[in-house]
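>>> the sequence and its predicted three-dimensional model are supplied below.
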Amino acid sequence: MEKIRTVLMDIKAEELGFTYPHEHLICHPPNWVIEKDLDLELPDVEKAVEELRYFYNTGGRTLVEATAIDYGRQPEDLKYIAKQVLVHIICTTGFIKEPYYPDWVKTATIDDLTELFVKEINEGIDGTAVKVGQIKAGSSYNVITEQEEKVIRAVARAQRVTGTPVFMYTENGTMALEQLKILKEESQI
């Protein structure tokens, strides 16, 4: 990518400024996650605006919002927040790891997922004008499940088509080398 895609517009690299590379402004994780820890849900848009103003006032200029599809990403809220504060927000497509996947991911093919990621990068999320600037995949603790491998392969293919940066999630730092091996295999196809 020659540009960085934010929720409002594409920018040049020199416009990034001081950047937080992995944050969550707004997210609505699955109910089973919230039941374990209410603090993991971040539903308040106005509080997110307030927090982002603090970030801006201390020199922050870009925030990578790493909330994926399966963790309750809210693209329209991110667009609203970006219009309130002069901070570039980069939105994410992809999935964290299998326990969070919606049921439809389990029946989707690698091609289906690749097509979804490319569409969200090039056209926007679910009919909105909000486009994503990074693709996310991850794996479970000490294992990459068959479903996680499928998502990783789809992420690699979407990256190859679009040039969009990839963000990989590891559980307690495990399986990073194995993730890289899958990404490398896909880059050679």
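Happy to help now that I have it. Residues are numbered from 1 along each chain as shown.
>>> pLDDT weak spots in this structure?
Where the chain drops to pLDDT under 70, the residues are 1.
>>> those helices in it, which residues are they?
31-36, 45-57, 75-84, 103-107, 110-122, 146-162, 176-187 (DSSP state H).
>>> what is the last one packed up against?
Secondary structure elements in contact with helix 176-187, counted by 3 or more C-beta pairs under 8 Å, 6 or more residues apart in numbering; DSSP states H and E, are helix 146-162, strand 166-169. In short, each C-beta sits where N, CA and C put it, glycine included.
>>> of all those, which lies closest to residue 48?
strand 166-169 (19.9 Å; C-beta to C-beta).
>>> what are the pairing partners of the closest one, and which direction each?
strand 134-138 (parallel) (DSSP bridges).
>>> angle of the partner strand against helix 146-162?
160 degrees (axes from the mean of the first three to the mean of the last three C-alpha atoms, to 10 degrees).
>>> name the nearest residue to residue 183, sequence neighbours excluded.
residue 156 (4.9 Å; C-beta to C-beta, 6 or more residues apart in numbering).
>>> what's around that neighbour, how many residues?
Counted with other C-beta atoms under 10 Å, the neighbours of residue 156 add up to 23.
>>> now swap in residue 90 and tell me
For residue 90, the tally of surrounding residues (other C-beta under 10 Å) stands at 27.
>>> what's opposite it in the beta bridge?
If you apply DSSP bridges, the partners that residue 90 bridges to are residue 64.
>>> number the chain from 255, please
Right, with 255 as the first residue, what we last looked at is residue 344.
>>> wait, what's in contact with residue 324?
By C-beta atoms under 8 Å, 6 or more residues apart in numbering, the contact set of residue 324 is 284, 349, 350, 354, 355, 356, 359.
>>> and for the fourth one, nearest residue in space, chain neighbours not counted?
Right, residue 354. residue 324 (3.9 Å).
>>> the one you found and residue 423: what is the separation?
11 Å (C-beta to C-beta, to the nearest Å).
>>> quick check: neighbours shared by those two?
With C-beta under 8 Å, 6+ apart as the test, residue 324 and residue 423 both reach residue 350.
>>> out of the helices of the chain, deepest packed?
Highest mean neighbour count among the helices of the chain (mean count of other C-beta atoms under 10 Å): helix 400-416, with a mean of 21.
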